[in-house]
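Chemist: give the three-dimensional model of this entry:
(one chain, ligands or ions: 1)
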Amino acid sequence: MSRSAHPAGPRHADVLTEGHYSAPPADLNSLDQKVWSRTVTRTEDGEVAVGGIEVSRLAEEFGTPAYFLDEADFRARCRAWADAFGRDADVFYAGKAFLSRAVVRWLHEEGLNLDVCSGTELATALDAGMPAERIAFHGNNKSEAEIRRAVEAGVGRIVLDSFQEIVRVAHIARELGKVQKAFIRVTVGVEAHTHEFIATAHEDQKFGIALAGGQAAEAVRRALKLDGLELTGIHSHIGSQIFDMAGFEVSARRVVQLLAEVRDEHGVELPEIDLGGGLGIAYTSDDDPREPHEIAKALSEIVTRECDAAGLRAPRISVEPGRAIVGPTAFTLYEVGTIKPLEGLRTYVSVDGGMSDNIRTALYDAEYSVALVSRTSDAEPMLVRVVGKHCESGDIVVSDAFLPADLAPGDLIAVPATGAYCRSMASNYNHALRPPVVAVRDGSARVIVRRETEEDLLRLDVG
Ligand code: LLP
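Modeler: Numbers count the residues shown, from 1 in each chain. Down below sits the predicted model:
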């Protein structure tokens, strides 16, 4: 099992003494291409550069902490997913991982579709020019206003998540004189091997309608009866940061079984299935993610086999990768502030950000890598914990890693693979100002989401 997907990682009190680090890497200056985005290199003078720009220049121009997003890598990953799935399948980028107008434009240009899960994600997508028919709208508790906006805009599909929602969407579509294409999200009863909070296909959780006990079949029955709805497919998302294809296999099999039941009962062959997102990425050198073409091949083989066995025409497949596209494309750049060696334990390295720009370590015991990027060093490896500046001892960015023992205040360090679920889950805890996202490509860098300012925060405070 991947270390970064450990479902029951040690709690913070334990890691103080136990840790779960491996041996120091042979060369602290080398950059493992598995965890860094494609255009990241170490230049001859020892600095790290992305898109041809050294980190010291980036820090000077944009400040720290900041996320630097490798646009060429992002586009290449979009193309890899689109090519792997080909013409007979659809790739929806999951906007929750990270969404901005620039990202929407890149997706559009690279031919991807977009999954949104709130009215404001939808607004961002539409504002940046994503055609509505290429948008899928998700969520377990969409408001009537959100549903109305999605139906009015003409989104390509709404993924229905409850019995109430089936009725609500049908009603709103009828009121607007439309017929809304919809999927039903089912829970297939798979225990995905990932952290409990990001596993979504076991039955005891809030998403979807269970296949078990005939609930999903009943949902289909109701949806097929309602004017205003055109049920086009079944959706299943089993969780996130998953490496093992076995869960997807079970999920695909059970979804196809439901299609066969629907055909037998209603004489209708639903034309599409969506197998969700959830593919894992490398946060540390110990993680071994799969390539999109392997995933595409595995999924289409399973679906074809199961459909042949059930005598069904193979449905069109869609997938919704978020992390696997944007996760590896960015790193967070921090400046080292204080350094506190704790005798017999480890050295605490404090940076100018923390849990406000990366909550994943505190929330899921996620593991990250870190490197000194403003220079090389031949000093001995030192076991460190990279922590933020927030008023909480759980404010950990990287729990266990090695940095050179001559690390000093003012050095720049970077945490790779922070493109997904970091800026999108950032907070203003301790009135932190959320960092900018800077896109870097071919020697030029531009802010795509600007840094928050004190004025931004004070403007909200109207008391
Ligand atoms: N489709 C649906 C319906 C989803 O709920 C999700 C993620 C995705 C696609 C995209 O999953 P991905 O390919 O990015 O794994 N905040 C957590 C992850 C939560 C994922 C929620 N849903 C984290 O930082 O690990």
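
Chemist: and what about Ala324, helix, strand or coil?
Modeler: Secondary structure state of Ala324, per DSSP: H, G, I helix; E, B strand; the rest coil, is helix.

Chemist: list the contacts for it?
Modeler: Each residue near Ala324 by C-beta atoms under 8 Å, 6 or more residues apart in numbering is listed here: 77, 81, 277, 279-281, 289, 292. Every C-beta, even on glycine, is put in place using the N, C-alpha and C of the backbone.

Chemist: which helix or strand contains Ala414?
Modeler: Taking DSSP states H and E as the criterion, Ala414 maps to strand 412-416.

Chemist: looking at this, Thr338 is in a strand?
Modeler: Yes. Judged by three-state DSSP, Thr338 forms part of a strand.

Chemist: and it, what does it touch?
Modeler: Thr338 neighbours (C-beta under 8 Å, 6+ apart): 348-350, 409.

Chemist: for the closest residue to Glu71 other than its chain neighbours, what are phi and psi?
Modeler: Nearest residue to Glu71 in three dimensions, chain neighbours excluded: Arg441, at 3.9 Å (C-beta to C-beta, 6 or more residues apart in numbering). Phi and psi for Arg441, reported as degrees, to the nearest 10, are phi -160, psi 130.

Chemist: ok, Arg441 - how many residues close by?
Modeler: Using other C-beta atoms under 10 Å, Arg441 has 19 neighbouring residues.

Chemist: OK, contacts around it?
Modeler: Applying C-beta under 8 Å, 6+ apart, the residues contacting Arg441 are 51, 70-72.

Chemist: so of those, which ones are in strands?
Modeler: Asp70 (DSSP state E).

Chemist: got CSV for the contacts of Arg441, with pLDDT and distance to the ligand too?
Modeler: What follows is those, written out as CSV (pLDDT from 0 to 100; distance: C-beta to the nearest ligand atom, whole Å):
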residue, pLDDT, distance to the ligand
Gly51, 98, 24
Asp70, 98, 18
Glu71, 98, 19
Ala72, 98, 21
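
Chemist: which parts of the stretch 101-250 of the chain sit against the ligand?
Modeler: 115, 138, 198, 237, 240-241 (C-beta under 6 Å from any ligand atom).

Chemist: identify the farthest-apart pair in those residues.
Modeler: Using C-beta to C-beta, the pair of those lying farthest apart is His138 and Gln241, separated by 18.3 Å.

Chemist: top helix in the chain by residue count?
Modeler: helix 246-266 (DSSP state H).

Chemist: just for the chain, where's the confidence low?
Modeler: 1-22, 192-201 (pLDDT under 70).

Chemist: how is it divided into domains?
Modeler: In terms of domains, the chain is parsed into 41-70+328-460, 138-321 (source: automatic domain parsing).

Chemist: before we move on, the earlier item: between the contacts of Ala324, which sits nearest Glu152?
Modeler: Distances from Glu152 to the contacts of Ala324, taken by C-beta to C-beta, are shortest for Gly277, at 26.5 Å.

Chemist: settle this for me: that closest one is touching Val326, isn't it.
Modeler: No. Using C-beta atoms under 8 Å, Gly277 is not in contact with Val326, being 11.2 Å away.

Chemist: the two: who's more crowded?
Modeler: Legend: neighbour count by other C-beta under 10 Å for Gly277 and Val326, higher for Val326 (30 against 24).

Chemist: and that one, how far from the ligand?
Modeler: In this structure, Val326 and the ligand are 8 Å apart, going by C-beta to the nearest ligand atom, to the nearest Å.

Chemist: got a list of what that residue touches?
Modeler: By C-beta under 8 Å, 6+ apart, the neighbours of Val326 are 69, 74, 77, 93, 97-98, 103, 419-420.

Chemist: run a quick neighbour tally on the residue in the stretch 51-200 of the chain positioned nearest to the ligand.
Modeler: Of all residues in the stretch 51-200 of the chain, Ala94 sits closest to the ligand, at 3.4 Å by C-beta to the nearest ligand atom. Counted with other C-beta under 10 Å, the neighbours of Ala94 add up to 28.

Chemist: what does it show for phi and psi?
Modeler: phi -80, psi 110.

Chemist: next, Ile209: phi, psi?
Modeler: phi -120, psi 130.

Chemist: residues in a beta bridge with it, which ones?
Modeler: Val186 (DSSP bridges).

Chemist: hmm, it is touching Ala216, no?
Modeler: Yes. Ile209 lies in contact with Ala216 (C-beta under 8 Å); the separation is 5.0 Å.

Chemist: tell me which of those two has more neighbours.
Modeler: Ala216 (25 against 21).

Chemist: now that one: closest residue in space that isn't a chain neighbour?
Modeler: Closest residue to Ala216 apart from its sequence neighbours, by C-beta to C-beta, 6+ apart: Val186 at 4.4 Å.

Chemist: so what's the one you found up against?
Modeler: 208-211, 216, 219, 234-236, 254-255, 258.

Chemist: show me the two of the residues you listed that sit farthest apart.
Modeler: It's Ala219 and Arg254 that sit farthest apart of the contacts of Val186, by C-beta to C-beta, at 14.5 Å.

Chemist: who has more neighbours, those two?
Modeler: Ala219 (25 against 21).

Chemist: nearest to the ligand: which residue in the stretch 101-250 of the chain?
Modeler: For the stretch 101-250 of the chain, C-beta to the nearest ligand atom, closest residue to the ligand: Ser240, 3.3 Å.
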